[in-house]
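Engineer: Mind looking at a prediction? Sequence and model below.
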Amino acid sequence: MADPIKLGIAGLGTVGAGLIKIVQNNLSILEARSGRTIQISAVSALSKSKDRGVDLSSYAWESDPVALAKRDDIDVFVELIGGDSGPAKAATEAAIAGGKHVVTANKAMLALHGQELAVLAEKKGVNLRFEAAVAGGIPVIKTLTESLAGNNITRIMGVMNGTCNYILTRMENTGLPYQDIFEEANQLGFLEADPNLDVGGIDAAHKLVLLSSIAYGTQVDFKGAVLEGIGRITIEDIHAAADMGYRIKLLGVSIMTDIGLSQTMRPCLVPNESPLAQLDGGTNMVIIEGDSVGQIILRGAGAGEGPTASAVIGDIMDIARGINIPVFGQPAKNLIKVASISTSVENPFYLRLNLRDEAGILAKVSAALAGAGISIDRMRQEGHETDAAPVIIVTHPTDRETLNKAISAIEKTGAAVDTPIVLRIETV
Ligand code: HSE
């Protein structure tokens, strides 16, 4: 058997412990498939004494992840610390500078610094692999980078934050408002330390921009992504959508157009018959469309010990097998910078307006829409006990910019008592 491949693992949370379990429990499978033994040389975390349910006694301990990254007895630095900069980035840079391969689950670090880290890794001839950073156990990075390498990718869509999908699904199933289910998710430990990473759409957008880079040969552009979280979705929206045959999902969509790259992460309505609508709880789904392959749908656990560690060990196995392909599928120095656009694609939209309940108010709304050239497909107003009348409008296809102009015009008339909810209806 060839020389062992030696790991240094920084970060012993859920994923780190899961990785150690795989190495300890499945070693003979790993050896048979890679032709090398997988050896954990050293580990690092904040607390040495914490019980993680795994035996760490045979591994060297480093309290400083940068020191771990620099050790001579590691070939692969496994970064499971998290955070877009700080120790995770410092240790990653130290590992690359020392000629070590890096495997990371850190979507935030790569979404913000992926280009510079990829350039560094490729100059040194080492791998920087990140399957676990996007959609947990779903092998989407490998699929895009390798299996679909011959395709012109035309669209990527995905539900890539399990916590948001859990919250929206539970609101639908229980009829309870957002804040109650947010608290429930918090009690269950689903939310990130900064919950806005989840419910603000940031975590999911980090994942989407990494996929865009591979798909379109562009430099990772998180700042160019348009984000909107799920915090303003009400149970009334969920019911109104359901009555019309839709479900609401926090949906990422990435499309390259002639005028730039559109990357949006927003709550959207998807038709009940769409595969995206079948997704309940914390599951993730990524849909990729390519000119040759057509549409493929990947579905699976987007987080958790086993699934995420499965993605990490998959990357380690590739390195053990001697595979080394560019970080984003083509040399990082060749990745292009493109303009970001909010969207040029036309869709129908769902609007929920809380209108002053007075004569002529609806006429003002329809005049504002007509003034922007937007045609109404469906409209309804429910009985109400409050002063404001909730009105749901579904438009014929239009683009977001035109719709925004119409919304501004509506707001100028004073017809609406608060900011309207605007949700794209996505065709899948
Ligand atoms: N917090 C994420 C989710 C998992 O809920 O899907 C890590 O990205």
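Structural biologist: Yep, it's here.
Engineer: going forward, measure contacts and count neighbours with C-alpha atoms only.
Structural biologist: Noted.
Engineer: Would you map the strands across the stretch 1-150 of the chain?
Structural biologist: Remark: strands assigned in the stretch 1-150 of the chain by DSSP state E, counting those that start in this stretch are 5-10, 38-44, 60-62, 76-79, 101-104, 128-129.
Engineer: go on, the stretch 251-400 of the chain?
Structural biologist: 260-271, 283-290, 294-301, 340-341, 349-356, 376-381, 388-395.
Engineer: Could I get the contacting residues of the residue of the stretch 301-428 of the chain found nearest the ligand?
Structural biologist: Proximity of the stretch 301-428 of the chain to the ligand (C-alpha to the nearest ligand atom) peaks at residue 303, 4.9 Å away. Applying C-alpha atoms under 8 Å, 6 or more residues apart in numbering to residue 303 gives the contacts 135, 136, 137, 162, 282.
Engineer: give me phi/psi at the closest residue to the last one other than its chain neighbours?
Structural biologist: The shortest distance from residue 282 to any residue other than its chain neighbours is 3.8 Å, reached at residue 162 (C-alpha to C-alpha, 6 or more residues apart in numbering). Its backbone dihedrals place residue 162 at phi -60, psi -30, with angles given as degrees, to the nearest 10.
Engineer: ok, residue 23 - how many residues close by?
Structural biologist: 19 (other C-alpha atoms under 10 Å).
Engineer: cool, and residue 13?
Structural biologist: Neighbours of residue 13 (other C-alpha under 10 Å): 15.
Engineer: Domains in this structure, by residue range?
Structural biologist: Following the assignment in automatic domain parsing, the chain carries domains at 5-133, 141-301+334-341, 349-425.
Engineer: Which one of these lies nearest to residue 316?
Structural biologist: domain 5-133 (7.0 Å; C-alpha to C-alpha).
Engineer: Can you measure across the closest one, start residue to end residue?
Structural biologist: This stretch, domain 5-133, spans 22 Å end to end (C-alpha to C-alpha, to the nearest Å).
Engineer: same question, stretch 333-347
Structural biologist: Using C-alpha to C-alpha, the two ends of stretch 333-347 sit 35 Å apart.
Engineer: can you give me the mean pLDDT across whichever helix in the chain runs longest?
Structural biologist: In the chain, assigned by DSSP state H, the helix with the most residues is helix 107-124. Summarised as a single mean, pLDDT over helix 107-124 is 98.
Engineer: And the pLDDT at the residue in the chain sticking out farthest from the centre?
Structural biologist: Ranked by distance from the centre of the chain (C-alpha atoms, centre = their mean), the top residue is residue 359, with 45.0 Å. Looking at residue 359, its pLDDT is 92.
Engineer: And the helices in the chain?
Structural biologist: Going by DSSP H, the chain shows helices at 14-25, 27-34, 65-70, 86-97, 107-124, 140-142, 162-174, 178-187, 195-199, 202-216, 235-243, 305-320, 361-371, 400-413.
Engineer: Could you export the strands of the stretch 1-150 of the chain as CSV, including mean neighbour count?
Structural biologist: As requested, those are arranged in CSV below (neighbours: other C-alpha atoms under 10 Å):
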stretch, mean neighbour count
strand 5-10, 26
strand 38-44, 22
strand 60-62, 17
strand 76-79, 29
strand 101-104, 27
strand 128-129, 28
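Engineer: Out of these, which is closest to the ligand?
Structural biologist: strand 101-104 (12.4 Å).
Engineer: Where does the prediction get shaky in the stretch 251-400 of the chain?
Structural biologist: Scanning the stretch 251-400 of the chain with the threshold set as pLDDT under 70 gives 343-344.
Engineer: ok, which residues in it are in contact with the ligand?
Structural biologist: 302, 303 (C-alpha under 6 Å from any ligand atom).
Engineer: And for the stretch 101-250 of the chain?
Structural biologist: 160, 161, 162, 163, 192, 198, 203.
Engineer: Swap in 8 Å and give it another go.
Structural biologist: 107, 133-136, 160-164, 190-192, 197-198, 203-204 (C-alpha under 8 Å from any ligand atom).
Engineer: how much space between the residue farthest from the centre of the chain and residue 415?
Structural biologist: 11 Å.
Engineer: ok, back up a step: export the strands of the stretch 1-150 of the chain to JSON lines and tack on mean pLDDT?
Structural biologist: As requested, the strands of the stretch 1-150 of the chain are exported to JSON lines (pLDDT from 0 to 100):
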{"stretch": "strand 5-10", "mean pLDDT": "98"}
{"stretch": "strand 38-44", "mean pLDDT": "98"}
{"stretch": "strand 60-62", "mean pLDDT": "98"}
{"stretch": "strand 76-79", "mean pLDDT": "98"}
{"stretch": "strand 101-104", "mean pLDDT": "98"}
{"stretch": "strand 128-129", "mean pLDDT": "98"}
